[in-house]
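Participant: I'd like to go over a predicted model; first the sequence, then the structure.
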Amino acid sequence: MRFEFTEEDRAFREEARRWLLANVPSARAPMGGPAARAFALDWVRKRHAAGWSGISWPAAYGGLGLSYERQIIWHEESVAAGAPSPLDPTFVCFNHAGPTLIACGSEAQKSFHLPKILAGEALWCQGFSEPDSGSDLASLRTSGRVEGDHLVVNGQKIWTTHADIADYQELLIRTDPGSQRHKGLSWVICDMKLPGITVRPIENMAGVTHFAQVFYDDVRIPLSNVVGALHDGWNVAMTTLGFERATAATALQVELSARIEALSAMARMRSDAVDGGLLHRIAVARAEAAALRALTYKTLFKEPATPFDGSIVRLFFAELAQRIYRIAMDLLGPQNAEASPDNEWIPAYLEAFSETIAGGTAEIQRNIIGERILGLPRGGGR
């Protein structure tokens, strides 16, 4: 496959670069809580006012309606300009809630929610994992009982990123009481301000409360908030996870490429104290980051694509991120003990441990690749 940007794409890049260099916030984003919400939404509103929100989203709902090539260009220039991280509190909005609504939502759902996301008026979180249903998503037990024109939801979710500051949640629940595994689930838009919802933040080992437990006690959600058909949530969820593992990785892998370049520059500054083995690891990681970008392009633009190609990108990205941040720790040496707020490498290293768990564990991704792409037999005991 040969992938090239057009002259029009290059002109778009120059325009985006000029705007970003003039408008990227100089302040560092807060790590969590209401301050992180305000910072993230301010940045979205600034982009929206200037016509840079929703590059590849349909124009009918407030987007620009441009190609995904232009979206990639925007990601690349945003990282180069030092814009807020793509992993900020708007990640779910822009990378899987919004795209899932575009692909599977009703006209009423799209018309209401997509413009609010693009205008910086709402944040979303994801309610998929449960205490006993993380990697085995099909075993989830949070239930939604149909009562008139509402679902009455009971149960709990865990590892829900930014649940404490979100307005809406993409919520996967069991709505057919006699169903098992993948059948009888529904993907529902949940207003996080509804009575009966309790959010308990969880502090991770980086000292940040990104994650939360969410409890549902007779929460009444309108049936009109079901995305796709009732009891057909597994298919909608696979659409969501397809975005999370493929297109959502684009911005993250661009940011990771910038990280390895920063690491290379740091090694050059300390060349007298860096041994050849560490330099070799940096060189290999730099080559792997370039390979990841090529793999992402191929996955996004090859024809025909399969629903499972994103697992290859997700697995490669997650393990490469951990290798890069491990190199950073070895390069910093004794400074590892100085976990000051000004040293961005330390929290990034700690946060990277979650990469091989989030969005489906590394083991799950390998199973998908082996069974769905390579056609290998299912492993024993599953």
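Facilitator: That came through fine.

Participant: so where is the stretch 251-382 of the chain shaky, pLDDT-wise?
Facilitator: Along the stretch 251-382 of the chain, segments meeting pLDDT under 70 span 271-273, 300-309, 335-343, 358-359, 379-382.

Participant: Please repeat the previous calculation with a cut-off of 50.
Facilitator: In the predicted model, the stretch 251-382 of the chain carries pLDDT under 50 at residues 381-382.

Participant: quick one: contacts of stretch 233-243?
Facilitator: The set of residues external to stretch 233-243 that reach it, using CB atoms under 8 Å, 6 or more residues apart in numbering, is 95-97, 99-100, 103-104, 126, 128, 137-138, 170, 172-173, 175, 182-183, 185-188, 226-228, 307, 310, 359-360. C-beta: built from backbone N, CA, C; applies to glycine.

Participant: Look through this protein and tell me its longest strand.
Facilitator: Longest strand in the chain by number of residues, with DSSP state E as the criterion: strand 211-222.

Participant: Direction included, what does that one pair against?
Facilitator: With DSSP bridges as the criterion, the sheet partners recorded for strand 211-222 are strand 150-157 (antiparallel), strand 197-202 (antiparallel).

Participant: could you dump those to JSON lines with mean neighbour count and distance to residue 50?
Facilitator: Formatted as JSON lines, the strands paired with strand 211-222 follow (neighbours: other CB atoms under 10 Å; distance: least, CB to CB, whole Å):
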{"stretch": "strand 150-157", "mean neighbour count": "20", "distance to residue 50": "36"}
{"stretch": "strand 197-202", "mean neighbour count": "15", "distance to residue 50": "33"}
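
Participant: which stretches of the stretch 101-250 of the chain form helices?
Facilitator: Using DSSP state H, counting those that start in this stretch, the helices found in the stretch 101-250 of the chain span residues 107-118, 233-245, 248-269.

Participant: For the shortest one, output the C-alpha coordinates as CSV.
Facilitator: So the one you mean is helix 107-118. Presented in CSV, the C-alpha positions along helix 107-118 are these (Å, rounded to 0.1, in the frame of the first residue of the first chain):
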residue,chain,number,x,y,z
GLU,A,107,-31.2,10.8,14.1
ALA,A,108,-32.5,12.3,17.4
GLN,A,109,-29.5,11.0,19.3
LYS,A,110,-27.1,12.3,16.8
SER,A,111,-28.8,15.7,16.5
PHE,A,112,-28.8,16.2,20.2
HIS,A,113,-25.4,14.8,21.4
LEU,A,114,-22.9,15.4,18.5
PRO,A,115,-23.2,19.2,18.4
LYS,A,116,-22.8,19.3,22.2
ILE,A,117,-19.6,17.3,22.1
LEU,A,118,-18.2,19.4,19.3
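
Participant: List of residues touching that helix?
Facilitator: Identification of contacts with helix 107-118 by CB under 8 Å, 6+ apart yields 44, 48, 53-54, 57-58, 61-63, 90, 93-94, 97-98, 101-102, 105, 122, 124, 168, 189, 224-225, 227.

Participant: Kindly recompute the last result at 6 Å.
Facilitator: Applying CB atoms under 6 Å, 6 or more residues apart in numbering, the contact partners of helix 107-118 are 48, 53-54, 61-62, 93, 98, 101, 122.

Participant: same check, this time on stretch 268-277
Facilitator: Outside stretch 268-277, the residues touching it (CB under 6 Å, 6+ apart) are residue 267.

Participant: Widest-spaced pair of the contacts of helix 107-118?
Facilitator: Considering CB to CB, no two members of the contacts of helix 107-118 lie farther apart than 48 and 101, which are separated by 17.5 Å.

Participant: so which of the helices of the stretch 101-250 of the chain comes closest to residue 217?
Facilitator: Distances from residue 217 to each of the helices of the stretch 101-250 of the chain were compared using CB to CB; the minimum, 21.0 Å, belongs to helix 233-245.

Participant: Mind listing what's buried along the closest one?
Facilitator: Applying a neighbour-count criterion of 16 or more other CB atoms under 10 Å, one finds 233-234, 236-237, 239-245 buried in helix 233-245.

Participant: what's the angle from it to helix 248-269?
Facilitator: Here helix 233-245 points in a direction 30 degrees away from that of helix 248-269 (axes from the mean of the first three to the mean of the last three CA atoms, to 10 degrees).

Participant: Ignoring the adjacent residues along the chain, who's closest to residue 345?
Facilitator: residue 328 (4.6 Å; CB to CB, 6 or more residues apart in numbering).

Participant: which strands and helices sit next to the host helix or strand of the one you found?
Facilitator: According to DSSP states H and E, residue 328 maps onto helix 309-332. For helix 309-332, the contact count by 3 or more CB pairs under 6 Å, 6 or more residues apart in numbering; DSSP states H and E identifies helix 233-245, helix 248-269, helix 276-301, helix 345-351, helix 362-368 as packing neighbours.

Participant: which one of the ones you listed has the most crowded surroundings?
Facilitator: Between those, the one whose residues have the most neighbours on average, counting mean count of other CB atoms under 10 Å, is helix 233-245 (a mean of 22).
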